[in-house]
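[1] only the shape, not the letters, is given here:
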């Protein structure tokens, strides 16, 4: 692990670059980066779970809860600003994880993965049947202001993009800091040897439960940001392919750095855009091939490129 | 002296096998007790039952007057009843230092939940460094546990059990997998480290030289029962112990192997 200060510095510089670049980016690129950040937040939560030894195939559950809560909350609570909408999405997702986590925290390996998938599919089924929430069509979500600014104005038009970058920065720094605490250090310990953790006086189930909630909060924020960027939510957000994509990002990125999911998600979005443009009928084939190449040549994810190079230099 | 650990009618069956058969054991505070017996005699089962890894089929376990029967290992650990493992249970992907830090970190997170800890007023990081020195693990500080030699893993495993300031330490075959000339060094080191604290020690051991040297009392196990209990010399001279544990041929009888 790199030193905490270097991680924060690196992330701060990235945040600055992303912020300064904003006015110069074409609209599509700004949108692409926003979506990549939103998905990376979900993958960041997966990073925490994977460090704890768990892979969730159901993060779509929290992603969807975040997206729908931002929309429904804005409607019912008369929230008009994007910031509280994202907070609401994160909070709602965290609450859902606190409840389903009671059951999920008891399971490991494939059982955990499948149970998390099952929960997300239950939500998908409910959303599809809820006419009040637009059934399969979903509904539109829009924030009238971002940080109190008009999204149509000269600064406000970068609002969601800037908000996403800020949430990403806070999320990455937060997770990095957390992993260095006594509690966070239990993640790799649980992955290695649950029995020993219990025999040292800690409750593995409680730690796993907490990590589920943290991952859900991140996924909820990602979902809310996606809803705001796209301006629309639909049940697809809870569908298993969406969850699969998050796992794709997490594996593509690797778990060695909190910055990895952001790099991974950006590469994935770029790749998809180009694959879609140049091979509209076979883009999945391109994506699959890339995944295969990563697993074969970089089994610890894209970020391991940096580590290998660092190891090679004396 | 009063009993710190007491089991009454402690029984555990696995199908047709009775691994612990109505064990009535009373351990006095501050004593060093050796648990001997052949493979499958029920020594580890006894430790697993006492520390909550296994739930007894029947019977009770009292620790310092408190009924801890069926409590999970983490609660029993917090009370100061700690154990090491026959096969070292360390965190393979972490360094020796981090392994200790995980344990000390848990204690520092829940100071109130633990009866005592190795921490005192110090930070976990400082205590981890100090423990590395005390257990002569300094040279291995930044080495991943998965790459450590077996004897060092064993020592690390025991050191981890001491992150919580135990009142009873149960060592499951502390010297198995350790070379013959290092056995005494290891035991000296461990007992030295805890001597000042008046910790009660129970350890499972196959090497009778090790047992004789350190214990004040021996419990001899055979087929889930205790066949002899008492002073080391007496227990070692007991005919059943000679026959079933030491593996000596009964006088005038047929060869035992």
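    Thanks, I have the structure now. Everything quoted here is computed from the prediction, not taken from an experiment.
[2] give the buried residues for stretch B:76-90.
    B:76-86, B:88-90 (16 or more other C-beta atoms under 10 Å in any protein chain shown). Placement of C-beta: from N, CA and C, glycine included.
[3] residue boundaries of the strands in the chain?
    As the question left the chain open, I've gone with chain A. With DSSP state E as the criterion, chain A has strands at A:139-140, A:232-233.
[4] let's do chain B instead
    Under DSSP E, chain B gives strands at B:3-14, B:17-28, B:32-36, B:58-63, B:66-67, B:81-83, B:168-172, B:200-204, B:217-222, B:225-230.
[5] for those strands, which one ends up most surrounded?
    A comparison of those by mean neighbour count, using mean count of other C-beta atoms under 10 Å in any protein chain shown, puts strand B:81-83 on top with a mean of 27.
[6] returning to that earlier point: now render the strands of chain A as a markdown table, adding mean neighbour count and distance to chain B.
    Listed next are the strands of chain A as a markdown table, based on neighbours: other C-beta atoms under 10 Å in any protein chain shown; distance: least, C-beta to the nearest C-beta, whole Å:
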| stretch | mean neighbour count | distance to chain B |
| --- | --- | --- |
| strand A:139-140 | 14 | 44 |
| strand A:232-233 | 22 | 39 |
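[7] lowest mean pLDDT across those, which one is that?
    With a mean of 85, strand A:139-140 has the lowest mean pLDDT of the strands of chain A.
[8] quick one: list the elements packing against that strand.
    If you count contacts as 3 or more C-beta pairs under 8 Å, 6 or more residues apart in numbering or on different chains; DSSP states H and E, strand A:139-140 packs onto strand A:232-233.
[9] just to revisit the earlier point, nearest to residue A:82, of the strands of chain B?
    strand B:81-83 (51.7 Å; C-beta to C-beta).
[10] show me what the mean pLDDT comes to for the closest one.
    Regarding strand B:81-83, the rounded mean pLDDT is 92.
[11] list the strands paired with it, with their directions.
    Using DSSP bridges, the strands paired with strand B:81-83 in its sheet are strand B:168-172 (parallel).
[12] now the closest residue to chain A within the stretch 1-150 of chain B. Nearest residue, chain neighbours left out?
    At 3.1 Å from chain A, residue B:105 is the closest residue in the stretch 1-150 of chain B, using C-beta to the nearest C-beta. What sits nearest to residue B:105 in space, not counting adjacent residues and going by C-beta to C-beta, 6 or more residues apart in numbering or on different chains, is residue A:182, at 3.1 Å.
[13] measure that neighbour to residue B:166 for me?
    Distance, residue A:182 to residue B:166, using C-beta to C-beta, to the nearest Å: 20 Å.
[14] likewise residue B:245?
    Shown here: residue B:245 relative to residue B:166, a distance of 27 Å by C-beta to C-beta.
[15] for residue A:79, same thing?
    Distance from residue A:79 to residue B:166, by C-beta to C-beta: 54 Å.
[16] between the two, which one's more packed in?
    Shown here are residue A:79 and residue B:166; by other C-beta atoms under 10 Å in any protein chain shown, residue B:166 has more neighbours (24 against 17).
[17] contacting residues around the more buried one?
    Neighbour list for residue B:166: B:80-82, B:194, B:199 [criterion: C-beta atoms under 8 Å, 6 or more residues apart in numbering or on different chains].
[18] torsion angles phi and psi at it?
    Torsion angles at residue B:166 (phi, psi; degrees, to the nearest 10) stand at phi -80, psi 150.
[19] excluding its backbone neighbours, what's nearest it?
    In space, and not counting its chain neighbours, residue B:166 is closest to residue B:82: 3.9 Å by C-beta to C-beta, 6+ apart.
[20] flag the shaky bits of the chain, pLDDT-wise.
    Answering for chain A, as no chain was given. For chain A, the stretches flagged by pLDDT under 70 are A:1-2, A:153-157, A:307-314.
[21] ah, no, chain B please
    For chain B, the ranges with pLDDT under 70 are B:1, B:116-118, B:248-257.
[22] quick check: residues of it near chain A?
    Proximity of chain B to chain A, by C-beta under 8 Å from any C-beta of the partner chain, involves residues B:51, B:53, B:72-74, B:77-78, B:82-83, B:89-94, B:98, B:101-103, B:105-110, B:113-114, B:124, B:160-161, B:163-164.
[23] all helices for chain B, in order.
    B:43-50, B:73-78, B:96-109, B:124-134, B:150-161, B:183-195, B:208-214, B:232-237, B:239-240 (DSSP state H).
[24] out of those, which is closest to residue B:61?
    helix B:43-50 (5.6 Å).
[25] lovely, talk soon.
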